[in-house]
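Novice: Got a sequence here, can you build the structure:
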Amino acid sequence: MDIAVLGALAVKENGISVTPTAPKPRQVLAMLALHADQVVPVAALIEELWGDCPPRSARTTLQTYVLQLRELIAEALKHDPEGTAPRTAKDVLVTLPGGYMLNTSGGTSDVREFERLAGTGYRAMDAEDYTGAARRLREALALWNGAALADVQTGTQLEMQVRRLEESRLCALNQRIEADLRLGRHREILGELSMLVTRYRTHENLHGQFMLALHRSGRRSEALGVYQRLRNALVRELGLEPSPALRRMQRSILLAGPESASDMAPATAGERLSSVG
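Specialist: Take a look at the predicted model:
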């Protein structure tokens, strides 16, 4: 089974889609896909589907949705390669004590691949292999095709998972940009950073990286303008001042001459800026 959730939901068996069109069965499949090869408790599925006010028929209705998913899986299993051990839909969408499990039989998952590549990138960063880190993190980020579960109606459980995945994506993005900065690619990433700070108006790491890239490109006044816009957004939206690390970066840019721009290390000599928003 092949699973994609980093964008639209797509679950395939033997290359055939088993993704339903009805909203609530899609929610059930999304929950199972995000926790592939793990038991998803019935209580978690009911909370996802109906929140704090499930109907009396919740368990029976959930069983109906599972049956609908199994019907789709059964059709796809008809295309199993010749000579393979026979399987039923219940072998793929398994009923276990307390819940259900989607058995991928070693298939692909874009979340698992993202986490593997990102982890490799983080280890390369720790080893100061910035070229390898940038490459692996770029490969990890390329797996994303939009917001996670972009076409799925989400309840409390899925919302939490979507937020977690977005935080993971932002972390990988921050590390990839830091690797690029350490490789001297400040001019190449200016356009990307310009879009990112517009989207994440109060994200300090991204603004700090944009300030550094601008300053290293000889655009000191624009770098200082980025700081001022961030400060205005933080005060207006969150009632906060920029972090001490970012204030130190602003002072360094104010005091530094253009010729010293290349001497500034990413994130103020390696100090990580806090993320706000």
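Novice: Mind listing residues that contact stretch 224-240?
Specialist: For stretch 224-240, the external contacting residues (C-beta atoms under 8 Å, 6 or more residues apart in numbering) are 197, 201-202, 204, 207, 210-211, 214, 241-242, 246, 249-250, 253-254, 276-277. Every residue, glycine included, has its C-beta placed from N, CA and C.
Novice: run the last query once more with 10 Å
Specialist: For stretch 224-240, contacts defined as C-beta atoms under 10 Å, 6 or more residues apart in numbering pick out 193-194, 197-198, 200-204, 206-215, 219, 241-243, 246-247, 249-251, 253-254, 276-277.
Novice: For Val5, give me its contacts.
Specialist: For Val5, the contact set (C-beta under 10 Å, 6+ apart) comprises 11, 29-30, 33-34, 36, 109-111, 114, 148-150, 152, 158, 161-162, 165.
Novice: Could you give the backbone dihedrals for it?
Specialist: Torsion angles at Val5 (phi, psi; degrees, to the nearest 10) stand at phi -130, psi -10.
Novice: Please report how far it lies from Trp144.
Specialist: 10 Å (C-beta to C-beta, to the nearest Å).
Novice: Could you name every residue contacting both of the two?
Specialist: Common neighbours of Val5 and Trp144 (C-beta under 10 Å, 6+ apart) are 110, 114, 165.
Novice: Please identify which helix or strand holds the second one.
Specialist: Using DSSP states H and E, Phe114 sits within helix 110-126.
Novice: buried sites along that helix?
Specialist: 110-111, 114, 117-118, 120-122, 124-125 (16 or more other C-beta atoms under 10 Å).
Novice: Show me which of the contacts of Val5 are buried.
Specialist: Among the contacts of Val5, those classed as buried by neighbour count (16+ other C-beta under 10 Å) are 11, 29-30, 33-34, 36, 109-111, 114, 148-149, 152, 158, 161-162, 165.
Novice: What's the local residue count around Ala143?
Specialist: Heads up, residue 143 is Leu, not Ala. 16 (other C-beta atoms under 10 Å).
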